[in-house]
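Colleague: sequence-free structure coming up:
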Ligand code: SF4
């Protein structure tokens, strides 16, 4: 295995890896990166949501010991929590790390669990961004360099130009499904007989926290069911950490 040059900045490393592997996607991209470059230095974050099984399956095929970070915001659907366990067992994932927000911060800033209604950005900050930041820092100190995500170009304007390999503060992000279509995802579910999230059959097409997720009509944009009626479209964990500036205080 050729280790990436640790002297390179994340931007330079991402550019170098794009030059070598930018023509690949899906399992081929993961296999090449894990085998040739980033074995033991790569992790995955997953919401165990409506489309998550496809990427989790690809990762399990390449290396089931890759750490999988699951953010339990404490506002998730019970179905998601149960699906997380069922799916991890089904795929044989060996290292799922459940990350939760700090209890003291929740007590202080969201004691009634209603912050989502008055200040959803702050709510996402304390329940998602800060806990993820904390574990990414810890993983970075352990030598991890890359973070796999399940984002796709078709999901939103903000993701439409996203490359399969990109820099993000002190990490690089790998987006193996960036150029996959909605139909590609459906076909992968069928081809591998992957268990669907139980709420998909109930009309939920993109799953997040319970108070901020609604059903969408057949044929409607799946992400329109997230923070419906608000201008918000991202929770913040995929806004570059180098640009983030909202400490918890
Ligand atoms: S998605 Fe909603 S409930 Fe979940 S952290 Fe963000 S604002 Fe809070």
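Modeller: Arrived safely, thanks for sending. Just so it is clear, the structure is predicted and the values come from calculations on it, not from any experiment.
Colleague: Can you show me the strands along the protein?
Modeller: In the chain, strands defined by DSSP state E lie at 42-46, 68-71, 96-99, 146-148, 165-168, 171-174, listed in chain order.
Colleague: Is it possible to get CSV of the ones you listed that adds distance to the ligand, mean neighbour count and mean pLDDT?
Modeller: Bear in mind the C-beta positions are built from the backbone N, C-alpha and C, glycine included. Converted to CSV, the strands of the chain look like this (distance: least, CB to the nearest ligand atom, whole Å; neighbours: other CB atoms under 10 Å; pLDDT from 0 to 100):
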stretch, distance to the ligand, mean neighbour count, mean pLDDT
strand 42-46, 15, 23, 95
strand 68-71, 9, 23, 96
strand 96-99, 13, 15, 97
strand 146-148, 19, 24, 94
strand 165-168, 20, 21, 94
strand 171-174, 20, 24, 94
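Colleague: Tabulate the ones you listed in JSON lines, adding columns for distance to residue 159.
Modeller: Converted to JSON lines, these look like this (distance: least, CB to CB, whole Å):
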{"stretch": "strand 42-46", "distance to residue 159": "15"}
{"stretch": "strand 68-71", "distance to residue 159": "19"}
{"stretch": "strand 96-99", "distance to residue 159": "23"}
{"stretch": "strand 146-148", "distance to residue 159": "15"}
{"stretch": "strand 165-168", "distance to residue 159": "11"}
{"stretch": "strand 171-174", "distance to residue 159": "12"}
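Colleague: right, and those - which one's nearest residue 126?
Modeller: strand 68-71 (11.9 Å; CB to CB).
Colleague: what residues does the closest one touch?
Modeller: Strand 68-71 has contacts (CB atoms under 8 Å, 6 or more residues apart in numbering) with 43-48, 56, 59, 84, 88, 93, 95-100, 127-128, 131-132, 135, 237.
Colleague: one more time with 10 Å
Modeller: For strand 68-71, the surrounding residues in contact (CB atoms under 10 Å, 6 or more residues apart in numbering) are 43-48, 52, 55-56, 59-60, 76, 80-81, 84-85, 88, 91, 93-101, 127-129, 131-132, 135-136, 139, 147-148, 209, 235, 237.
Colleague: Hmm, residue 10 and residue 171 touching each other?
Modeller: Yes - under the criterion of CB atoms under 10 Å, residue 171 makes contact with residue 10 at 6.2 Å.
Colleague: so the helix ranked longest in the chain versus strand 42-46, what angle?
Modeller: Taking DSSP state H as the assignment, the helix of the chain that covers the most residues is helix 78-91. Using axes from the mean of the first three to the mean of the last three CA atoms, to 10 degrees, the direction of helix 78-91 lies 140 degrees away from that of strand 42-46.
Colleague: Show me which positions of stretch 75-85 end up buried.
Modeller: Using 16 or more other CB atoms under 10 Å as the test for burial, stretch 75-85 gives 75-77, 79-80, 83-84.
Colleague: Which two among those residues are spaced furthest apart?
Modeller: 75 and 83 (15.6 Å).
Colleague: Show me which residues of the protein are close to the ligand?
Modeller: Within the chain, the positions near the ligand by CB under 6 Å from any ligand atom are 73, 75, 116, 120, 123-124, 127-128, 208-209, 211-212, 235.
Colleague: Quick one: buried ones out of those?
Modeller: Counted by 16+ other CB under 10 Å, the residues of the chain next to the ligand give 73, 75, 116, 120, 123-124, 127-128, 208-209, 212, 235 as buried.
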